[in-house]
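J.: Predicted coordinates and the sequence they were generated for:
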Amino acid sequence: MPIRRRLSLLLALLAVPQVTLAKIGFRQLTSLHPVAVQRGTEAIVRLRCNFTLDDTYATFFDRPGIKMVYAETEALEAPRRGRASVGTPFRFHVQVPWDQPTGVYELRVATRQAVSSISHLLVTDFPVVVETTEGNDTPGAAQTVPLPSAICGVCERNEDVDCFQFSGVKGQRITMQVYTQRVTERIHIMLVKHPVYHMDPILTLIGPSGQIVGENDNFFGADSLLHCELPETGEYLLKIRDTRYAGSKKHCYCIEVSERPFVRAVFPLAVQRGTSVDAQMIGFGIVGSPVARLRAEPDATLGWTTVRCLYDGEETNEVPLLVSQHPQYTVPDGSDSPESATSIELPCGVNGRLARPDTRQYFAFQARRGQYYRFEIEAHRRGLPIDSVLEVYGPSGQKHDEEDDLRGSPFAGRWQSKDSRLDFKAQGDGTHYVAVRDLHGRSGEEFIYHLRAENSGPEFEIYGAHYYAMLAPGTHMLWHAKVKRMNGFDGPIELGVEGMPPGVTLTPVTIPAGMDHAAMILTAAEDAEIGAALVRTFGRAQLEVDNGSVAPIVRYGHITCELQSGSGSSQIRWPCNTQIVGVTEPLDLARVEASPTEITLEPGGRAEINVRIVRVEGNSDPVTLAMSHLYQKRSSGDQLPPGVTLSSESRTQLKGNESKATIILEAAPDALPVERLPIAVMARVYITYSISTNYGSNPLHLTVRNRGLASRHRPRSAAP
């Protein structure tokens with residue numbers, strides 16, 4: 001081997017911490033195969049993980065009903081491999097009730113040593129057919145499948161083209177939809193080989209005479225959907241591949257194939273609780289404009305749900321429906337100018353449709369000077385094609401405001417939706433107009449949307465990069481919460497966590513005025529038993545309500561998971577539904593101790609925190625100390641008040657034979673005054689270049705003096 005080559009290999013090996021598998025405090029899930037299970041059935045699936053899943057005792061889904069049990073009877077070797085590895089498969093037994101809603105579910109796993117990142121399971125209406133292992137790469141080797149079916153396969157290598165065949169009859173309407181990006185979108189490490197991340201499927205249907213009957217690349221994002229009326233009777237060939245001919249064992253997919261009509265949406269998209277609505281079915285394989293009578297009972301749960309319609313006496317697939325507490329307006333056409341605007345009374349919902357190209361729909365409302373109003377579109381998040389833009393016009397026709405995409409987490413790495421939201425403060429009384437258009441001027445029967453229109457006021461949202469936490473008994477960990485303050489709100493916000501496992505508590509914390517972030521310090525009691533639970537973070541604050549009074553209002557957190565891309569040197573955050581907290585066996589560090597527990601900073605002053613780590617016997621890994629959650633040089637979570645920083649004189653790196661360090665905090669002269677704000681020192685033990693097991697010290701309480709108050713208490717200098 002050339003010297004340069006040997007040197008490069010040595011450096012690469014040195015760059016990756018050599019961590020004993022038994023100590024790894026993270027379970028990095030990848031793919032599930034088969035990725036779908038039919039409702040009302042049970043199956044054995046194989047969940048792949050980059051680290052061992054031995055001692056799995058619980059699994060969790062973001063909605064109740066599914067049961068999934070670890071099925072391995074002997075320990076499996078699960079060597080840690082590179083980021084592109086698909087991981088080791090572990091068998092699980094899955095049971096899905098017959099009445100389980102269909103769709104994609106988030107999946108989490110808890111072992112005695114760790115909790116996992118996210119994988120996915122699809123619940124389908126159709127019998128599952130698993131791709132054979134004999135090879136189906138050519139039309140001559142196509143695997144025969146029945147109708148209907150949910151075909152579960154893997155494009156496991158480059159240039160892989162999977163072929164399936166079914167018998168069809170002339171005039172038969174067939175719908176085929178692919179789930180691949182939708183069943184891998186929140187997997188932590190989908191990188192195959194840069195720049196290939198997720199599978200980008202393309203679906204092709206070839207008729208008995210060899211002609212292409214239909215082909216589709218992107219429909220639900222990058223996932224394909226193809227609907228065809230079969231031109232002749234005979235054998236049809238269905239082909240799926242990656243558009244780039246890329247392949248990987250992570251490239252799992254499910255193709256639902258059936259002759260059942262496919263309802264994409266109903267119009268209107270919403271119904272007021274306690275009322276009924278005649279909703280038009282919009283989709284494929286539907287003749288005419290059939291309607292379904294949909295009713296929301298007076299005690300129906302508010303929010304988005306799914307319903308099935310009846311078409312020709314048979315149930316359709318499930319479609320989204322919003323149950324609202326507010327009256328609903330339905331405007332299928334027109335209202336395309338201020339003069340023809342539909343008058344609405346807030347609060348309400350509007351179900352509209354852009355029926356003609358390059359048009360807007362206008363809705364007139366009475367505004368009051370100084371009042372805040374919120375308008376929000378939901379469509380793209382429900383699988384509909386409109387890329388909405390919201391506009392607000394004043395009485396004289398001047399445009400006051402405009403908003404396009406709905407932006408997501410304020411943490412490093414952002415996502416955004418093609419839906420839009422606009423918060424508007426009226427500058428005068430009188431008739432105002434809110435208008436909806438498509439960014440590209442598109443239109444059609446399926447360009448429908450729901451507009452939520454209501455009075456607003458001082459408001460906030462909670463965001464978090466915290467989607468998992470692991471604590472051994474007697475230890476601490478911290479999450480970082482970030483607040484988005486809106487419409488002038490600057491009041492205190494109390495943070496909380498619902499549903500914690502027994503023995504785990506949160507140090508009480510309130511984000512004071514002038515701050516938009518804080519630490520959420522979790523503690524596992526010394527006698528806490530091993531266990532895990534899905535939790536929800538929230539914020540509570542006193543907000544003004546519709547009648548002008550003030551009431552405590554709770555807002556649940558918008559949580560993001562971590563997705564790794566590139567060579568591991570870049571990450572993005574993506575919205576997810578689940579947060580998991582687990583009490584685990586001890587890993588690297590038994591305790592992180594910090595003192596003093598009461599810290600007071602004068603403006604322009606500094607304070608020292610003495611840190612001592614207690615290692616688990618045999619541990620000699622380097623430990624990194626920090627006050628914020630850093631990836632490279634980017635922060636994805638802070639806890640210190642504005643104006644308080646970690647001094648460069650702090651010692652943040654502990655070698656394997658070291659256990660003590662000093663953290664120094666410095667306060668700028670104009671640092672924000674706070675009183676007994678809970679903070680903690682972070683300690684990180686790296687598993688790989690980018691993955692670490694995170695620990696927190698015991699809670700500390702930080703007080704930053706007011707500058708004026710500090711000067712009054714400062715001793716006077718002696719007279720000259």
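T.: Looks like it came in fine.
J.: So what are the sheet partners of the lengthiest strand in the chain and their directions?
T.: Longest strand in the chain, counting residues (DSSP state E): strand 531-544. Here strand 531-544 has these sheet partners by DSSP bridges: strand 493-498 (antiparallel), strand 550-556 (antiparallel), strand 579-583 (antiparallel).
J.: Would you indicate which residues of the longest one are buried?
T.: Spelled out, that is strand 550-556. residue 555 (16 or more other C-beta atoms under 10 Å). Just so you know, the C-beta spots here come from the backbone N, C-alpha and C atoms, and that holds for glycine as well.
J.: okay, residue 186: pLDDT?
T.: On pLDDT, residue 186 comes in at 91.
J.: and it, how many neighbours does it have?
T.: Counted with other C-beta atoms under 10 Å, residues neighbouring residue 186 total 25.
J.: Isn't it up against residue 120?
T.: Yes: contact criterion C-beta atoms under 8 Å: residue 186 and residue 120 qualify, at 6.9 Å.
J.: Can you pull the residues that touch both of those two?
T.: Here residue 186 and residue 120 have residue 106 as joint contacts, going by C-beta atoms under 8 Å, 6 or more residues apart in numbering.
J.: I'd assumed residue 140 was in a helix, is it?
T.: Yes: counting by DSSP: H, G, I helix; E, B strand; the rest coil, residue 140 is found in a helix.
J.: quick one: contacts for it?
T.: Residue 140 neighbours (C-beta under 8 Å, 6+ apart): none.
J.: mind listing the strands for the stretch 601-720 of the chain?
T.: Under the criterion DSSP state E, counting those that start in this stretch, strands of the stretch 601-720 of the chain are mapped to 606-615, 623-626, 630-631, 634-635, 644-646, 653-654, 660-667, 674-679, 682-686, 692-696, 700-704.
J.: Tell me if residue 182 really is in a helix.
T.: Yes: under three-state DSSP, residue 182 falls within a helix.
J.: mind putting the strands of the stretch 601-720 of the chain in TSV, mean pLDDT and mean neighbour count included?
T.: Output for those, formatted as TSV (pLDDT from 0 to 100; neighbours: other C-beta atoms under 10 Å):
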stretch	mean pLDDT	mean neighbour count
strand 606-615	96	18
strand 623-626	93	20
strand 630-631	68	17
strand 634-635	68	15
strand 644-646	95	19
strand 653-654	93	16
strand 660-667	96	19
strand 674-679	97	20
strand 682-686	89	22
strand 692-696	87	23
strand 700-704	97	21
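J.: Neighbours of the closest residue to residue 388 other than its chain neighbours, how many?
T.: Leaving aside its chain neighbours, residue 388 sits nearest to residue 377 (4.3 Å; criterion: C-beta to C-beta, 6 or more residues apart in numbering). Neighbourhood size, residue 377 [other C-beta under 10 Å]: 27.
J.: So residue 377 is in contact with residue 390, correct?
T.: Yes: using C-beta under 8 Å, residue 377 is in contact with residue 390, at 6.4 Å.
J.: Now the common contact residues for these two.
T.: By C-beta under 8 Å, 6+ apart, the residues touching both residue 377 and residue 390 are 420-421, 436.
J.: which one of the residues you listed has the most neighbours?
T.: residue 420 (28 neighbours).
J.: Just to check, it is in contact with residue 391?
T.: No: counting by C-beta under 8 Å, residue 420 does not reach residue 391; the two are 9.7 Å apart.
J.: So which of the strands of the stretch 601-720 of the chain is nearest residue 223?
T.: Closest to residue 223 of those is strand 630-631 (C-beta to C-beta; 29.3 Å).
J.: Next, the residue lying closest to residue 503 once chain neighbours are set aside: secondary structure please.
T.: Of all residues not flanking residue 503 in the chain, residue 528 sits nearest, at 2.8 Å (C-beta to C-beta, 6+ apart). Recorded secondary structure, residue 528: coil (three-state DSSP).
J.: from what I can see residue 528 touches residue 582, true?
T.: No: Residue 528 lies out of contact with residue 582 (C-beta under 8 Å); the separation is 10.5 Å.
J.: if we can go back for a sec, least confident of the strands paired with strand 531-544, on average?
T.: strand 550-556 (a mean of 92).
J.: check contacts around residue 692.
T.: 624, 684-686.
J.: Can you lay out these as JSON lines showing distance to residue 542?
T.: Listed next are the contacts of residue 692 as JSON lines, based on distance: C-beta to C-beta, whole Å:
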{"residue": "624", "distance to residue 542": "39"}
{"residue": "684", "distance to residue 542": "36"}
{"residue": "685", "distance to residue 542": "41"}
{"residue": "686", "distance to residue 542": "42"}
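J.: re the thing from before, got CSV for the strands paired with strand 531-544, with distance to residue 441 too?
T.: Listed next are the strands paired with strand 531-544 as CSV, based on distance: least, C-beta to C-beta, whole Å:
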stretch, distance to residue 441
strand 493-498, 41
strand 550-556, 35
strand 579-583, 40
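J.: Compare those strands and give me the one nearest residue 669.
T.: If we rank the strands paired with strand 531-544 by C-beta to C-beta, the stretch that ends up nearest is strand 493-498, at 26.5 Å.
J.: how about the closest one: buried residues?
T.: 493, 495-497.
J.: which intervals of the stretch 101-250 of the chain have sub-threshold pLDDT?
T.: Residues of the stretch 101-250 of the chain meeting the criterion pLDDT under 70: 194-195.
J.: can you tell me which residues contact residue 131?
T.: Residue 131 neighbours (C-beta under 8 Å, 6+ apart): 143, 151-154, 162.
J.: Show me the beta-bridge partners of residue 238.
T.: Applying DSSP bridges, one finds that residue 238 bridges with residue 164, residue 205.
J.: residues touching it, list them.
T.: 163-166, 176, 203-206, 255, 257.
J.: Nearest to residue 290 among the residues you listed?
T.: Nearest to residue 290 among the contacts of residue 238, with distances taken as C-beta to C-beta, is residue 176, at 22.0 Å.
J.: quick check, that closest one in a strand?
T.: Yes: with three-state DSSP as the criterion, residue 176 is assigned to a strand.
J.: surely residue 55 meets residue 109?
T.: No: applying C-beta under 8 Å, one finds residue 55 not in contact with residue 109, separated by 10.5 Å.
J.: the more surrounded of the two?
T.: Applying other C-beta under 10 Å to residue 55 and residue 109 shows that residue 109 carries more neighbours, namely 27 against 14.
J.: where exactly do the helices run in the chain?
T.: 3-15, 707-713 (DSSP state H).
J.: Mean pLDDT lowest where, among those?
T.: helix 3-15 (a mean of 36).
J.: Now do the contacts for the residue nearest to residue 49 when sequence neighbours are not counted.
T.: Spatially, and ignoring its direct neighbours in sequence, residue 49 is nearest to residue 87 (4.9 Å; C-beta to C-beta, 6+ apart). Going by C-beta under 8 Å, 6+ apart, residue 87 touches 28-31, 48-51, 78, 81.
J.: For PyMOL, write a command that selects the buried ones of those residues.
T.: Selecting just the buried residues from the contacts of residue 87 in PyMOL takes one command, with 16+ other C-beta under 10 Å as the test:
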select buried, resi 28+29+30+31+48+49+50+51+78
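J.: Tell me, how many residues neighbour the spatially closest residue to residue 248 that is not a sequence neighbour?
T.: Nearest in space to residue 248, with sequence neighbours left out and distances taken as C-beta to C-beta, 6+ apart, is residue 192 at 4.2 Å. Residues contacting residue 192 under the criterion other C-beta under 10 Å number 21.
J.: so residue 192 touches residue 250, yeah?
T.: Yes: assessed by C-beta under 8 Å, residue 192 is found in contact with residue 250 at 6.3 Å.
J.: Kindly report the domain assignment for this protein.
T.: 17-124, 262-324, 328-456, 458-585, 588-713 (automatic domain parsing).
J.: what distance separates the start and the end of the third one?
T.: I take that to be domain 328-456. Domain 328-456 stretches 18 Å from its first residue to its last (C-alpha to C-alpha, to the nearest Å).
J.: could you redo the contacts of residue 87 as CSV and give each row distance to residue 219 and pLDDT?
T.: Shown next, in CSV, are those (distance: C-beta to C-beta, whole Å; pLDDT from 0 to 100):
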residue, distance to residue 219, pLDDT
28, 30, 88
29, 27, 92
30, 25, 90
31, 22, 91
48, 27, 94
49, 31, 91
50, 31, 85
51, 35, 85
78, 36, 78
81, 34, 63
